[in-house]
Each structure stands twice: as structure tokens, then as C-alpha cells.
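# show me how the following folds:
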Amino acid sequence: MKKSLLKGSLVFASVFLLAACSQADNAADKAKDAASSAESVVESVVSKEESDAASDSEVVSSEESDVASESEEAGSEESDAASESEEAGSEESEEASESEESGAAGAVADEMAELKDGTYTAVSNEDEHGWTLKFTIEVKDGKIEKSDFDYVNADDELKSENEEYNMNMEKNGISFADAKKELDDQLVEKQSADDVEVVSGASSSSDVFKKAAAALIKAAQEGNTEEINIDELEDEAASSEESASDSEESTDESSSEE
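You can find the predicted model right below:
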């Protein structure tokens, strides 16, 4: 009886032990399955995050590419604008050059035009010292044969013969009489007002001489023997320039309003 009970107890214990081992194995398998599932979930999450990151990187790269493309287009437009500006500047420069060449050619043509024989006189308004310009050239056979540049006062006294004035001038380097002779000789020799050189120590007289000589040569080309007042000519030129300037400003304002 005791043996039977002992055997039964051993059998029961064996069954219990087997059952316990089976449960432990099942628990281990479940733990493994859970761990495997967790790893799968983690891998899935990591894979998704990597995929999202890659997608974001592609978006950023695309945006950077678009920005670079826009920058290149803007650079191209600026380059085109700069090129057009250079072309416009080049055209303006060419036009200005042509205008200057045309003006120079016109001046040369005027200077070379044939002079008509006769006596031509230029005068001026009385200056603050009471002197009035009296400048005469004589043209013969189409050339300036004689030049007489001088000033006269109310007493018909010539500046070139006024001893006091010439002595004062000579203190500055040259007398008016000597400067006058040098200027007259140059005009007869060179037959051109532009080619007359300024006399050192008499720059003011030289400037007046060149302007008046140019006006007299123009009158000789036209055969106009009427007396010329160079001050009036300068006033007319200044008035003409002012009128032209006003006309340009009026045109610009009209264009702006349109």
C-alpha cells in the first residue's frame, strides 16, 4: 500500500514537473516572440523615420536646386541687362564720336572756306576803363594781308600808343604794343584764328583777339563788311543757348507727363 502511494506520488510529481517545464518553455517562447515583435516594431519605426528623413532631404535638396536655378536665372537676366547697357553706352559713344568728328569737319570746312576781298572790322562795348575794341583785317586775293588789333578811348587815343598803360603792362612781362604786334603777325602768317597761340603775359588780350579774329574771318567768308560788335554776338549766342536749354527742358517735362 505504501509502495503504491509512493509510486503514485512519484508519478504525480513527475507530471507536475513536466507541466511546469512545459509552462516554462511556453513562457520562454512567448518572451522570444514578444522580443521579436518588439524588434520588428522598432525596425519598422526606425525604417519609417529614415524614410521620412530621406524624403525631407530630397525636398530640401529640391528646394535648394530651385533656389540655385532662380539665382542662375537672375544672374543671367542681370548679365543680359548689363550687356544691353554696354551696347547702349557703346552706341551713344559712337554717336558722340561721330558728332564730334562731324563738328570738327564742319569747323575745318568753315576755316578753309574762301575769304572774299575787303576790309572787315570788329568792335566791342566800352569797358570799365573806357577802352573800346577796334580790330580790322584786310583780305586780298582770298588771304588776310593785314591785321590791326587795338583799343581806342573817347579821345581817339590808341591803347598801343598809350605810354602809361604799356609801361604798367610791361611790368607783368610784356607791353600791350608788343603783344598786339605778335598776335597780328601770327594771324597773317597762319591765316587761322584757332592756330594763333596765346601770348605769355597777355592772356586776356589773346583771348579777345582769337574770338574777334574768328568772327572777322567768318564775316570775310560771307563777304559781310558791316561792323561787328563781338559783345552783341556773345549775348546772342548766350541767348540762343538758353532758349535751346529751355526747349529741351520743356520737351523732357512733356515726355515725363506722358
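
# okay, Ala193 and Leu216: tell me how far apart.
Relative to Leu216, Ala193 is positioned 8 Å away (CB to CB, to the nearest Å). Yep, even glycine has a C-beta here, placed from its N, CA and C like the rest.

# likewise Tyr151?
16 Å.

# how about the strands in this structure?
118-123, 132-140, 143-152, 228-229 (DSSP state E).

# of all those, which lies closest to Glu182?
Closest to Glu182 of the strands of the chain, according to CB to CB: strand 143-152, at 10.1 Å.

# pLDDT of that closest one, averaged?
Strand 143-152 shows a mean pLDDT of 98.

# which other residues reach it?
Here strand 143-152 makes contact (CB atoms under 8 Å, 6 or more residues apart in numbering) with 115, 131-139, 158-160, 180, 183-185, 187-188, 191, 209, 212-213, 217, 220.

# neighbour-wise, which of Ala193 and Leu216 wins?
A side-by-side neighbour count of Ala193 and Leu216, using other CB atoms under 10 Å, places Leu216 first with 27 against 20.

# where does the stretch 51-200 of the chain have low pLDDT?
For the stretch 51-200 of the chain, the stretches flagged by pLDDT under 70 are 51-112.

# repeat that for 90
Residue ranges of the stretch 51-200 of the chain with pLDDT under 90: 51-113, 171-173.

# what about the helices in it?
For the stretch 51-200 of the chain, the helices defined by DSSP state H, counting those that start in this stretch occupy 163-170, 176-190.

# contacts only, for Ser205.
Phe176, Ala179, Lys180, Leu183, Val199.

# I misspoke; the intended subject was Asp195.
Asp195 neighbours (CB under 8 Å, 6+ apart): Gln186.

# repeat for Lys211
Ala193, Ile230, Glu234.

# from what I can see the second one touches Ala212, true?
Yes: under the criterion of CB atoms under 8 Å, Ile230 is in contact with Ala212, at a separation of 5.2 Å.

# show me how to select, in PyMOL, the buried members of the contacts of strand 143-152.
Buried members of those can be picked out in PyMOL with the line below, counting by 16 or more other CB atoms under 10 Å:
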select buried, resi 115+131+132+133+134+135+136+137+138+139+158+159+160+180+183+184+187+191+209+212+213+217+220
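
# and stretch 150-169, C-alpha only, in CSV?
Taking C-alpha atoms only, stretch 150-169 is exported to CSV below (Å, rounded to 0.1, in the frame of the first residue of the first chain):
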residue,chain,number,x,y,z
ASP,A,150,43.9,147.6,-80.9
TYR,A,151,41.6,149.6,-78.5
VAL,A,152,40.6,153.2,-78.6
ASN,A,153,39.3,155.6,-75.9
ALA,A,154,36.9,158.6,-76.1
ASP,A,155,39.9,160.8,-77.0
ASP,A,156,40.7,158.6,-80.0
GLU,A,157,43.9,157.5,-78.3
LEU,A,158,45.1,154.0,-79.2
LYS,A,159,46.0,151.7,-76.3
SER,A,160,49.1,150.5,-78.2
GLU,A,161,50.3,154.2,-78.1
ASN,A,162,49.4,154.9,-74.5
GLU,A,163,52.8,155.0,-72.8
GLU,A,164,51.5,154.8,-69.2
TYR,A,165,49.3,151.8,-70.0
ASN,A,166,52.1,150.0,-71.8
MET,A,167,54.6,150.6,-69.0
ASN,A,168,52.2,149.1,-66.5
MET,A,169,51.6,146.1,-68.8
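
# how far away is the residue nearest to Trp131 when sequence neighbours are not counted from Ala113?
The shortest distance from Trp131 to any non-neighbouring residue, by CB to CB, 6 or more residues apart in numbering, is to Tyr151 (4.1 Å). Using CB to CB, Tyr151 is found at 29 Å from Ala113.

# of these two, which one has the most company?
Tyr151 (25 against 14).
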